[in-house]
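>>> Sequence and predicted structure, then a few things I'm wondering about:
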Amino acid sequence: MRQVETIIVGLGLAGATLALMLRHRRRDIAVISDGNAGASQAAAGLITPVIGKNLKPVPRFGQWLSAAIEHYRAEERTYDIAILHRQHARRLLTTSKEQCVWDKRSKLGLPFARPTGDANDIWPQPLAAGQWLTLAPCYRLNVARYLQHVTAQLHQDNALIESSLIDADIDVENGGITIDSLQLRARQLVFCRGAADQTNPWFDALHWRCANGEVIELRTPKTLVQRIHAEGYWLTPIDARRALFGATYNWESPTSTPSTAAREVLRQSFSKLFGFDPDICDQRAGTRPIVAGRRPVLAQAPAHDNLYLFNGLGSRGALTAPGLALALTNHLLDGDRLPPQFGLDNR
């Protein structure tokens with residue numbers, strides 16, 4: 001039977017980032033993945049300092065961003081890859097309510113947004129009239145490339161176990177974790193399975209509300225050099241001739257299978273904003289694991305101090321995954337206290 005220090009179950013943004021950090025600390029790990037990256041497979045990887053229709057500043061944005069840049073840039077330097085891209089971003093306020101929110105926010109001081117001119121210099125097609133804001137700093141993580149990179153490193157270390165896993169296969173003992181079906185033992189196990197963890201028996205007190213999210217990839221008639229946020233949607237460049245547009249929220253039937261209904265909603269929304277039908281070349285779907293309180297979960301199981309849950313990163317996963325993974329790594333290896341605001345209480 002193979003013995004490792006830590007088992008990670010799941011290889012989305014949370015599991016992948018934790019695996020890299022433990023690997024950099026030269027820890028012996030095993031990552032179990034069924035090949036489904038959950039919400040990460042549809043994630044655009046957007047890092048933005050303000051969120052939502054109310055232009056709410058992301059709490060502790062500077063701290064999260066510092067940890068994220070340090071982590072992603074280190075991977076880029078070490079392996080000569082490009083995964084984190086700085087972007088110029090603009091947001092269009094099209095309703096009186098949005099304008100009112102901006103007026104109130106600007107009086108209080110909103111360092112990450114400022115008024116700017118129209119968007120004629122970044123996209124030739126018409127958008128609705130309204131007030132444009134410039135958002136900064138903004139980045140985009142190439143999530144697919146990042147996950148491919150992590151998968152390659154795990155394969156190199158013989159640390160990736162490509163298999164499905166049911167909870168009944170996990171035997172939790174005082175001295176460790178045993179998974180007989182995989183001939184695997186470890187001191188501790190971290191669940192990073194996204195929406196699949198809503199049935200996790202060791203964390204059954206959590207309340208989940210999962211939502212399906214879909215995006216479309218399209219060919220662009222002209223290079224898009226800035227990200228655009230408008231009317232609840234965003235358009236972000238991938239390269240000189242491709243962009244992503246999204247995203248939908250479906251609370252009724254969360255699934256990771258792309259739907260024709262979501263494709264049509266996105267097509268119509270794009271056409272309304274830009275005045276022409278998108279040339280769609282791909283569609284992606286994922287199930288967002290949204291936990292009560294809408295905060296990430298970074299916690300020990302109530303009855304077992306060697307079981308952990310790292311989940312619920314939401315739309316800010318590219319921003320918060322490195323900081324949270326670092327906190328969990330320091331706890332597992334150095335005994336540092338986990339941040340209490342991401343625990344199981346007060347949800």
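Structure's in. What do you need? What you see is a predicted model; the values in this text were computed from it and never measured.

>>> Quick one, grab the pLDDT at Arg26.
Looking at Arg26, its pLDDT reads 95.

>>> where does this protein have low pLDDT?
37, 117-128, 174, 254 (pLDDT under 70).

>>> Just the helices from it, written as ranges.
For the chain, the helices defined by DSSP state H occupy 13-24, 61-79, 96-108, 143-156, 260-274, 317-334.

>>> Can you list the buried residues in the fifth one?
Counting neighbours by 16 or more other C-beta atoms under 10 Å, one finds that the buried residues in helix 260-274 are Ala262, Arg263, Val265, Leu266, Arg267, Ser269, Phe270, Leu273, Phe274. (Glycine included, C-beta is placed from N, CA and C.)

>>> ok, now which ones touch the fifth one?
When contacts are counted by C-beta atoms under 8 Å, 6 or more residues apart in numbering, Arg267 is found next to Ile216, Asp277, Pro278, Ile280.

>>> Would you mind measuring from the nearest residue to Asn250 once chain neighbours are set aside to Thr236?
Excluding the flanking residues, the one nearest Asn250 by C-beta to C-beta, 6 or more residues apart in numbering is Asn212, at 4.0 Å. Relative to Thr236, Asn212 is positioned 20 Å away (C-beta to C-beta, to the nearest Å).

>>> With distance to Arg241 as extra columns, can I get the contacts of Arg267 in CSV?
CSV is the format used below for these (distance: C-beta to C-beta, whole Å):
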residue, distance to Arg241
Ile216, 15
Asp277, 17
Pro278, 13
Ile280, 14
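
>>> Of these, keep whichever come out buried.
Buried subset of the contacts of Arg267 (neighbour count, 16+ other C-beta under 10 Å): Ile216, Pro278.

>>> Nearest to Arg185, out of the contacts of Arg267: which one, please.
Distances from Arg185 to the contacts of Arg267, taken as C-beta to C-beta, are shortest for Ile216 (44.2 Å).

>>> ok, and the closest non-adjacent residue to Ser40?
In this structure, Ser40 finds its nearest non-sequential neighbour in Gly12, 3.6 Å apart by C-beta to C-beta, 6+ apart.

>>> what sits against that neighbour?
Per C-beta under 8 Å, 6+ apart, neighbours of Gly12: Ala37, Gly38, Ala39, Ser40, Gln41, Leu147, Cys192, Gly194, Gly317.

>>> from those, which ones fall inside strands?
Among these, DSSP state E puts none in strands.

>>> TSV for the residues you listed, including neighbour count and distance to Ile177?
Output for the contacts of Gly12, formatted as TSV (neighbours: other C-beta atoms under 10 Å; distance: C-beta to C-beta, whole Å):
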residue	neighbour count	distance to Ile177
Ala37	23	23
Gly38	26	22
Ala39	28	26
Ser40	26	24
Gln41	18	27
Leu147	22	25
Cys192	32	15
Gly194	28	20
Gly317	25	26
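
>>> Please identify which pair of the residues you listed lies farthest apart.
Maximum pairwise distance in these, criterion C-beta to C-beta, is 13.9 Å, between Gln41 and Cys192.

>>> Let me know the closest of the contacts of Arg267 to Pro258.
Closest approach between those and Pro258, by C-beta to C-beta: Ile216, at 9.0 Å.

>>> From Asp282, how far out is the closest one?
7 Å.

>>> Likewise for Leu18?
Distance from Leu18 to Asp282, by C-beta to C-beta: 28 Å.

>>> and what of His85?
Noted for His85: a distance of 19 Å to Asp282, by C-beta to C-beta.

>>> who has more neighbours, those two?
His85 (17 against 11; other C-beta atoms under 10 Å).

>>> got the contact list for the more buried one?
So, once contact is read as C-beta under 8 Å, 6+ apart, His85 ends up touching Tyr139, Arg140, Leu141, Asn142.

>>> Which members of those residues are positioned in strands?
Using DSSP E, the members of the contacts of His85 that fall in strands are Tyr139, Arg140, Leu141.

>>> from those residues, which is closest to Gly175?
So of the ones in strands among the contacts of His85, ranked by how close each gets to Gly175 (C-beta to C-beta), first place is Leu141, at 38.2 Å.

>>> how near is the residue nearest to that closest one when sequence neighbours are not counted to Arg73?
Excluding the flanking residues, the one nearest Leu141 by C-beta to C-beta, 6+ apart is Gly45, at 3.4 Å. Plainly put, Gly45 is 15 Å away from Arg73 if you go by C-beta to C-beta.

>>> higher neighbour count, the two?
Set Gly45 next to Arg73 and count neighbours by other C-beta under 10 Å: Gly45 wins out with 22 against 12.

>>> so who does that one touch?
The neighbours of Gly45, taking C-beta under 8 Å, 6+ apart as the test, are Arg140, Leu141, Asn142, Val143, Tyr146, Gly317, Ala318.

>>> Can you report how many residues neighbour the closest residue to the third one other than its chain neighbours?
Spatial nearest neighbour of Asn142, chain neighbours left out: Ile83 (5.0 Å); criterion: C-beta to C-beta, 6+ apart. For Ile83, the count of nearby residues is 21 (other C-beta under 10 Å).

>>> Check the one 3 residues further on too.
Arg86 has 12 neighbouring residues, counting by other C-beta under 10 Å.

>>> That one pairs with what?
Beta bridges link Arg86 to Tyr139 when assigned by DSSP bridges.

>>> Return stretch 276-288 as PDB; C-alpha atoms alone will do.
In PDB, the C-alpha atoms belonging to stretch 276-288 read as follows (Å, rounded to 0.1, in the frame of the first residue of the first chain):
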ATOM      1  CA  PHE A 276     -24.300  41.600 -34.400                       C
ATOM      2  CA  ASP A 277     -24.600  37.900 -33.900                       C
ATOM      3  CA  PRO A 278     -21.500  36.200 -32.300                       C
ATOM      4  CA  ASP A 279     -19.500  33.700 -34.300                       C
ATOM      5  CA  ILE A 280     -19.600  31.000 -31.600                       C
ATOM      6  CA  CYS A 281     -16.900  28.300 -31.800                       C
ATOM      7  CA  ASP A 282     -17.200  26.700 -28.300                       C
ATOM      8  CA  GLN A 283     -19.400  26.600 -25.200                       C
ATOM      9  CA  ARG A 284     -18.500  25.700 -21.700                       C
ATOM     10  CA  ALA A 285     -20.500  24.800 -18.600                       C
ATOM     11  CA  GLY A 286     -19.700  24.200 -14.900                       C
ATOM     12  CA  THR A 287     -21.600  24.000 -11.600                       C
ATOM     13  CA  ARG A 288     -20.700  26.700  -9.100                       C
END
